[in-house]
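Chemist: Kindly generate the corresponding structure for this input.
(chains A, B, C and D)
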Protein chains: 4
Amino acid sequence: MNGDGFFYHRRVAYVDTDAMGVVHHSNFLRYFEEARVAWLRARGLQAYHAPRYDLVLAVLESGCQHFKSVFFDDELILKMQIRRERLKIRFAYAIYCPERTDAAVASGYTLHVPLTQQLQVRRLPAPLVDVLEKEAWTETWP
Amino acid sequence: MNGDGFFYHRRVAYVDTDAMGVVHHSNFLRYFEEARVAWLRARGLQAYHAPRYDLVLAVLESGCQHFKSVFFDDELILKMQIRRERLKIRFAYAIYCPERTDAAVASGYTLHVPLTQQLQVRRLPAPLVDVLEKEAWTETWP
Amino acid sequence: MNGDGFFYHRRVAYVDTDAMGVVHHSNFLRYFEEARVAWLRARGLQAYHAPRYDLVLAVLESGCQHFKSVFFDDELILKMQIRRERLKIRFAYAIYCPERTDAAVASGYTLHVPLTQQLQVRRLPAPLVDVLEKEAWTETWP
Amino acid sequence: MNGDGFFYHRRVAYVDTDAMGVVHHSNFLRYFEEARVAWLRARGLQAYHAPRYDLVLAVLESGCQHFKSVFFDDELILKMQIRRERLKIRFAYAIYCPERTDAAVASGYTLHVPLTQQLQVRRLPAPLVDVLEKEAWTETWP
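Modeler: Residues are numbered from 1 along each chain as shown, chains lettered A, B, ... in the order given. Sure, this is the predicted structure:
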């Protein structure tokens, strides 16, 4: 886990566990979303999202791979990179749990399209485009 | 568990369990909501709810008591009764799991106020009032 | 949507919607799981899953594509096919919402490995293997 | 919102909203749980909870009142007080959203019983008892 890109920290909530004692896989999409919102805030873009602004980044696709189970109260670190793909935006995620392993415990991606609140495709606002152009992207992931 | 009132059946989903192997308590509010929606449908009132109609039954209060744990794939039966309280509607719920016990495993209530989609208090539509006047209510619950 | 394979029906719960008025994408993994459990039951295999039996089908990978938004109370039909891949099991899903469109509204997959309740890889029980060998699989999937 | 007691901060996640654009009521039980876990940590008691220790604080009862809607990305502050009631522990919560109102937007409580991981009632560990004896409790709430 090197130091480039954006990082988001969160602990595993008890409600996120299932009867195997591990985090239920559906929660990773929630963690990804939290990381995206934290990234918007870290980049000063929180004003460019509904309901404050007529934009949502609707999810077209998602994928997740699980390498190692994580447990209640584990501290997770989400590393993220973001790339504009014409009308779409791709986020890639790698999740680390340093107290368990140095390698990623999961990785994934989401692909988004900007929509209005009436679910119509719209252009990205200029400040968001500016930020996206400066984001680094590496093919080796995680 | 006698035969009066409205019944809703559902099985416990795996995602609803937690690391103790039991249903996490937060899911009971979801089960209550599913039962309310099923009741609206059973009474022919499904057209009187957003987004089809400018009405939501916003939750003002809720409460739940847990008497016995339930587990993955248990079949739950929700018994329900409904009462109008002037501008508000009260739903009372009792949850049974016949394969585990004859007594209720949980009980609860939700208190609602009718709102428009702009979150303003509104009158109940006449067909909903008509149905509410015919619902039975017993103080002994569950 | 032709008639082969396994089908699971469920309506969209209100809690599954988000501030855009549509189903939040994270719920599709929950719907997939419900369909898997329903398939186990339909095939008479519900006794071969924890906590009744020392087996869980842990999720190694998942993916989902979204083609069209779905809304509160929409009736969804999940079509599913299942294939054994050596030690793993692959489920493919297509979700239909006939009142909105004839085409699939979403599709996805999950890849599983059989684990004991102590999170160790284990062999599949014979009855599950027998059922898997009889499941049809088509490469064209919506 | 005065300065006594324990405070927990969290923002509203997008997935927590529903089709009315507000936080779905079922999420408040999740927020309460996060605040309890944060309180255990703040009091140095995180080692006295499953799976690290053979103790869970099972929920016997819960209740919630909603005074004002909250929205995506709102910053919530949970104020909490805790009281031992013989074998049980009561947590009371008040939720504030300073950017919307000075008054509480919701309040609630949960009542817990200490269980082993085999779901048997057990005694509280001494360090937890010691902490509970020092917690302040005021009847006026929120």
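Chemist: and chain A, which residues reach chain C?
Modeler: Applying C-beta under 8 Å from any C-beta of the partner chain, we find that chain A lies next to chain C at A:19-20, A:22, A:25-26, A:29-30, A:33, A:50-51, A:56, A:58-66, A:69, A:115, A:117, A:119. Using the backbone N, CA and C atoms, a C-beta is placed for each residue, glycine as well.
Chemist: when you check these against the strands, which ones overlap?
Modeler: Within the residues of chain A next to chain C, residues falling in strands by DSSP state E are A:56, A:58-66, A:115.
Chemist: which one among the residues you listed gets closest to residue D:109?
Modeler: Distances from residue D:109 to these, taken as C-beta to C-beta, are shortest for residue A:56 (35.1 Å).
Chemist: Ramachandran angles for the closest residue to the closest one other than its chain neighbours?
Modeler: Leaving out its chain neighbours, the residue that sits closest to residue A:56 by C-beta to C-beta, 6 or more residues apart in numbering or on different chains is residue A:50, at 4.9 Å. Dihedral angles phi and psi of residue A:50 (degrees, to the nearest 10) take the values phi -60, psi 150.
Chemist: Spit out the contact partners of residue A:50.
Modeler: Contact partners of residue A:50, counting by C-beta atoms under 8 Å, 6 or more residues apart in numbering or on different chains, are A:56, A:117, C:19-20, D:72.
Chemist: Mind picking the two most distant members of the ones in strands among the residues of chain A next to chain C?
Modeler: Among those, A:66 and A:115 lie farthest apart (C-beta to C-beta), at 29.3 Å.
Chemist: Among those two, which residue is more densely surrounded?
Modeler: More crowded of residue A:66 and residue A:115, by other C-beta atoms under 10 Å in any protein chain shown: residue A:66, with 23 against 19.
Chemist: For the longest helix along chain A, name the packing helices and strands.
Modeler: Longest helix in chain A by number of residues (criterion: DSSP state H): helix A:27-42. Applying 3 or more C-beta pairs under 8 Å, 6 or more residues apart in numbering or on different chains; DSSP states H and E, one finds that helix A:27-42 contacts strand A:6-11, strand A:56-66, strand A:75-85, strand A:88-97, strand A:101-115.
Chemist: For residue A:41, see how far away residue A:109 is.
Modeler: Distance, residue A:109 to residue A:41, using C-beta to C-beta, to the nearest Å: 21 Å.
Chemist: Which of the two has more residues huddled nearby?
Modeler: Neighbours per residue (other C-beta under 10 Å) separate residue A:109 from residue A:41, with residue A:109 holding more: 18 against 14.
Chemist: Quick check: the more buried one touching residue A:65?
Modeler: No - counting by C-beta atoms under 8 Å, residue A:65 is not a contact partner of residue A:109; they are 9.7 Å apart.
Chemist: Identify the spatial nearest neighbour of the residue sitting furthest away from the middle of chain A, chain neighbours not counted.
Modeler: Taking C-alpha atoms, centre = their mean, the residue of chain A most remote from its mean C-alpha position is residue A:19, at 25.8 Å. Closest residue to residue A:19 apart from its sequence neighbours, by C-beta to C-beta, 6+ apart: residue B:17 at 3.9 Å.
Chemist: Quick one: buried ones out of the residues of chain A next to chain C?
Modeler: Buried subset of these (neighbour count, 16 or more other C-beta atoms under 10 Å in any protein chain shown): A:19-20, A:22, A:25-26, A:29-30, A:33, A:50, A:56, A:58-66, A:69, A:115, A:117.
Chemist: start to end distance for stretch A:50-61?
Modeler: Criterion C-alpha to C-alpha, to the nearest Å; first-to-last residue distance in stretch A:50-61 is 20 Å.
Chemist: Need the pLDDT of residue A:111.
Modeler: Residue A:111 carries a pLDDT score of 98 in this model.
Chemist: what mean pLDDT would you report for the longest helix of chain A?
Modeler: For helix A:27-42, mean pLDDT rounds to 97.
Chemist: ok, and what's touching that helix?
Modeler: Residues contacting helix A:27-42 (C-beta under 8 Å, 6+ apart): A:6, A:8, A:10, A:16, A:46, A:48-49, A:57, A:62, A:64, A:66, A:76, A:78, A:80, A:82, A:91, A:93, A:95, A:106, A:108, A:110, C:25-26, C:29, D:11, D:13-15, D:73.
Chemist: orientation of that helix relative to strand A:75-85 in degrees?
Modeler: Interaxial angle, helix A:27-42 versus strand A:75-85 (axes from the mean of the first three to the mean of the last three C-alpha atoms, to 10 degrees): 70 degrees.
Chemist: residues of helix A:27-42 that come out buried?
Modeler: Using 16+ other C-beta under 10 Å as the test for burial, helix A:27-42 gives A:27-40.
Chemist: which one of those residues is nearest residue D:101?
Modeler: Closest approach to residue D:101 among the buried residues of helix A:27-42 (C-beta to C-beta): residue A:37, at 23.0 Å.
Chemist: can you tell if stretch A:69-80 touches chain B?
Modeler: Yes - using C-beta under 8 Å from any C-beta, stretch A:69-80 reaches chain B at A:71-72.
Chemist: Now do the end-to-end distance for that stretch.
Modeler: In stretch A:69-80, first residue to last residue: 20 Å (C-alpha to C-alpha).
Chemist: Give me the buried positions along it.
Modeler: Those would be A:69-74, A:76-80, for stretch A:69-80 by 16+ other C-beta under 10 Å.
Chemist: Redo these as a markdown table? Include pLDDT.
Modeler: Converted to a markdown table, those look like this (pLDDT from 0 to 100):
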| residue | pLDDT |
| --- | --- |
| A:69 | 97 |
| A:70 | 98 |
| A:71 | 97 |
| A:72 | 97 |
| A:73 | 96 |
| A:74 | 97 |
| A:76 | 98 |
| A:77 | 98 |
| A:78 | 97 |
| A:79 | 96 |
| A:80 | 95 |
